[in-house]
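>>> Got a sequence here, can you build the structure:
(chains A, B, C and D)
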Number of protein chains: 4
Amino acid sequence: LFIYERPVAFHDVDAARIVFFPTILVYCHEAIAALFAGAPGGYAAVVLERGLGLPTVHIEVDFKAPLRFGDVTRIELDVARIGESSCTFVLRIGKTGEDGQVARVRLTCVCTNLSAFCSVPWPEDLRRILEPHRPTPSGLD
Amino acid sequence: LFIYERPVAFHDVDAARIVFFPTILVYCHEAIAALFAGAPGGYAAVVLERGLGLPTVHIEVDFKAPLRFGDVTRIELDVARIGESSCTFVLRIGKTGEDGQVARVRLTCVCTNLSAFCSVPWPEDLRRILEPHRPTPSGLD
Amino acid sequence: LFIYERPVAFHDVDAARIVFFPTILVYCHEAIAALFAGAPGGYAAVVLERGLGLPTVHIEVDFKAPLRFGDVTRIELDVARIGESSCTFVLRIGKTGEDGQVARVRLTCVCTNLSAFCSVPWPEDLRRILEPHRPTPSGLD
Amino acid sequence: LFIYERPVAFHDVDAARIVFFPTILVYCHEAIAALFAGAPGGYAAVVLERGLGLPTVHIEVDFKAPLRFGDVTRIELDVARIGESSCTFVLRIGKTGEDGQVARVRLTCVCTNLSAFCSVPWPEDLRRILEPHRPTPSGLD
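Numbering: from 1, shown residues only, chains lettered A, B, ... in the order given. This next block holds a predicted model:
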């Protein structure tokens, strides 16, 4: 389990006064980038020096309650599956200090050579970042 | 079938030089807002004067190919299902003047009273905007 | 005089229910990109094929009235000055169909080789796009 | 002197591979919001419960060097002037762990009743947040 918290920013809400739904996926991407901050040189070195990226190929999201300005978003991230060159994250989004879910996200990304834009097997160091976040046996679908 | 086209903006790409995946959902929201531009007073009047919104409750996206700066996004929107207070859009995203899909999005939203934040039945005028965009029988899953 | 119009998007407002002030500069950038859409291959070809960009080096903005969701932004752009490798735009921002100014922007950018990140003289074709938009003698400071 | 640091996000760059210039003003707004986080209930309570906002009325920015993905933005904020209902911030933007300036921003905002959208005198608690950040006599501009 990896936990990422961030407050809703002043400009993240829309004309309905709730966080604009694609922005919740921006928060999820931030959580994943924070997970990979532990790679050598940080996530930026993965992208800029090694030329690797993690394009998203599939997402499923259930939105259950709105986020508003003033809330602190709390994301619990599990790595549900690690394949040869892909992985699936499950992200449960709530609010710090409150019960109840805001959203549940299932996101699959693929380790990609950004020059050729083709999938590549996970490098060992990135795989080692993912593995501790597999859920415990009693866990997750 | 409703068609919405918009060029990729200069700042819509990310450090991997492709359109940041949540931004593709921003384009989908623009397409839906363009559909409701035909409501009396436009979509802004729906939100600001009638206090109605269309929060998204579920999305599923398959991303098939990247979008880049210089591409013109072309979205084909169908209304797959209209319920008492919800509807499901299917949006096929491609590039103007090119074959091949960029993404396929299934998005369900709920007509919502934004003050009480509870679902309400579709008003007749909004339902009449949705109905012509039901797919033909040979169409869609 | 070059005119660019675009509606305020649903997600361009902030928690104060007005367009977030940096977003007004996004609209200005869109207006400048629309001006250069007339270059061969469009603005994207200038950036991606010729490796040129127009980084902003100076801005001054007076914000006079808020923009809200439902407004259509109308930008009047003049080219106040063309230098060897720079130019200064003056952008007067209002609302379509209404009197009164929303903001006045003075923005200087520099034609830049993006690989070396150094200034280069304006290519003739880009200079020819700027020149018709010099204000008339009775015009502008 | 108030210091705010934040990494450049993956999606903050544009097709020229540098941070899109309006986004640097988003970072400045974040720094100002972080300053007011010390108000009772945080900045969100100022906006949502007391109905006060700080719309920007004037900005001047000199951009001196680009920010890129992988940089950590470091903002030094001074309160150059406190008026009856306005204040002027000077923000010097650089990179953590590096010399040299990225940008220098002068930003004036006005304490505003968001319902009436008219200026109001600074409440005492907000003024007390600003005052410690006046520059020392040897300081600024």
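>>> For the rest of this, base every contact and every neighbour count on C-alpha atoms.
Noted.
>>> Can you report phi and psi for A:L126?
Main-chain dihedrals, A:L126, degrees, to the nearest 10: phi -70, psi -40.
>>> So in chain A, which helix runs the longest?
Counting residues, the longest helix found in chain A (DSSP state H) is helix A:21-35.
>>> what mean pLDDT does that helix have?
Model confidence over helix A:21-35, given as mean pLDDT, is 98.
>>> check whether that helix contacts chain C.
No - looking at helix A:21-35 against chain C by C-alpha under 8 Å from any C-alpha of the partner chain, there are no contacts, and the closest approach is 9.7 Å.
>>> okay, now the closest residue in space to A:S119 that isn't next to it in sequence: neighbour count?
Spatial nearest neighbour of A:S119, chain neighbours left out: A:T112 (4.3 Å); criterion: C-alpha to C-alpha, 6 or more residues apart in numbering or on different chains. A:T112 is flanked by 21 other residues according to other C-alpha atoms under 10 Å in any protein chain shown.
>>> Could you do A:I59 as well?
By other C-alpha under 10 Å, 20 other residues sit near A:I59.
>>> same check, this time on A:G41
Neighbours around A:G41, by other C-alpha under 10 Å: 12.
>>> swap in the one 3 residues further on?
A:A44 sits with 25 neighbouring residues when counted by other C-alpha under 10 Å.
>>> isn't it right next to D:V72, touching?
No - using C-alpha atoms under 8 Å, A:A44 makes no contact with D:V72, being 10.9 Å away.
>>> where does chain A have low pLDDT?
For chain A, the stretches flagged by pLDDT under 70 are A:137-141.
>>> Contact residues of it facing chain C?
Counting by C-alpha under 8 Å from any C-alpha, chain A sits next to chain C at A:F10, A:H11, A:D12, A:V13, A:D14, A:A15, A:R17, A:F20, A:F69.
>>> let's go with 10 Å and repeat that
With C-alpha under 10 Å from any C-alpha of the partner chain as the criterion, chain A comes near chain C at residues A:9-21, A:23, A:68-70.
>>> Out of those, which sit inside strands?
Of those, none are assigned to strands by DSSP state E.
>>> mind checking how far A:R104 is from chain D?
A:R104 is 22 Å from chain D, where distance means C-alpha to the nearest C-alpha, to the nearest Å.
>>> hmm, back to that, what touches both of A:A44 and D:V72?
D:V8, D:A9 (C-alpha atoms under 10 Å, 6 or more residues apart in numbering or on different chains).
>>> hmm, back to that, dump the residue contacts of the residue nearest to A:S119.
With the criterion set at C-alpha under 10 Å, 6+ apart, A:T112 makes contact with A:47, A:51-55, A:85-86, A:118-122.
>>> Can I get the buried ones among those residues as something I can paste into ChimeraX?
Once 16 or more other C-alpha atoms under 10 Å in any protein chain shown is used to decide burial, the buried members of the contacts of A:T112 can be selected in ChimeraX as follows:
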select /A:47,51,52,53,54,55,85,86,119,122
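>>> Now the contacts of A:T112 in CSV, please, with extra columns for secondary structure.
Shown next, in CSV, are the contacts of A:T112 (DSSP: H, G, I helix; E, B strand; the rest coil):
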residue, secondary structure
A:V47, helix
A:G51, coil
A:L52, strand
A:G53, strand
A:L54, coil
A:P55, coil
A:S85, coil
A:S86, strand
A:C118, strand
A:S119, strand
A:V120, coil
A:P121, coil
A:W122, coil
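>>> nearest to D:R134, of the contacts of A:T112?
A:V47 (40.5 Å; C-alpha to C-alpha).
>>> Correct me if wrong: the closest one contacts D:F69.
Yes - between A:V47 and D:F69 there is a contact at 9.3 Å, judged by C-alpha atoms under 10 Å.
>>> Common neighbours of these two, please.
B:A15, D:F10.
>>> Among the contacts of A:T112, which one sits closest to chain D?
Distance to chain D, by C-alpha to the nearest C-alpha, is smallest for A:V47 among the contacts of A:T112, at 9.3 Å.
>>> nearest residue to that closest one other than its sequence neighbours?
A:G53 (5.6 Å).
>>> distance of that neighbour from chain C?
Taken as C-alpha to the nearest C-alpha, the span from A:G53 to chain C is 20 Å.
>>> ditto for A:K95
18 Å.
>>> host element of the closest residue to that residue other than its chain neighbours?
Spatial nearest neighbour of A:K95, chain neighbours left out: A:T73 (4.7 Å); criterion: C-alpha to C-alpha, 6+ apart. Under the criterion of DSSP states H and E, A:T73 resides in strand A:72-82.
>>> Tell me which other helices or strands that strand touches.
Counting contacts by 3 or more C-alpha pairs under 10 Å, 6 or more residues apart in numbering or on different chains; DSSP states H and E, strand A:72-82 packs against strand A:2-7, helix A:21-35, strand A:86-95, strand A:101-110, helix A:124-130.
>>> just to revisit the earlier point, restricting the selection to alpha carbons, write the longest helix of chain A to PDB.
Output of helix A:21-35 as PDB, limited to C-alpha atoms (Å, rounded to 0.1, in the frame of the first residue of the first chain):
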ATOM      1  CA  PHE A  21     -13.500  14.800 -13.000                       C
ATOM      2  CA  PRO A  22     -10.400  14.500 -15.300                       C
ATOM      3  CA  THR A  23      -8.400  16.300 -12.600                       C
ATOM      4  CA  ILE A  24      -9.000  13.300 -10.300                       C
ATOM      5  CA  LEU A  25      -7.000  11.300 -12.800                       C
ATOM      6  CA  VAL A  26      -4.300  14.000 -12.700                       C
ATOM      7  CA  TYR A  27      -4.100  13.300  -8.900                       C
ATOM      8  CA  CYS A  28      -3.800   9.600  -9.700                       C
ATOM      9  CA  HIS A  29      -0.900  10.300 -12.100                       C
ATOM     10  CA  GLU A  30       0.800  12.300  -9.400                       C
ATOM     11  CA  ALA A  31       0.500   9.400  -7.000                       C
ATOM     12  CA  ILE A  32       2.100   7.000  -9.600                       C
ATOM     13  CA  ALA A  33       4.800   9.600 -10.300                       C
ATOM     14  CA  ALA A  34       5.400   9.900  -6.500                       C
ATOM     15  CA  LEU A  35       5.700   6.100  -6.300                       C
END
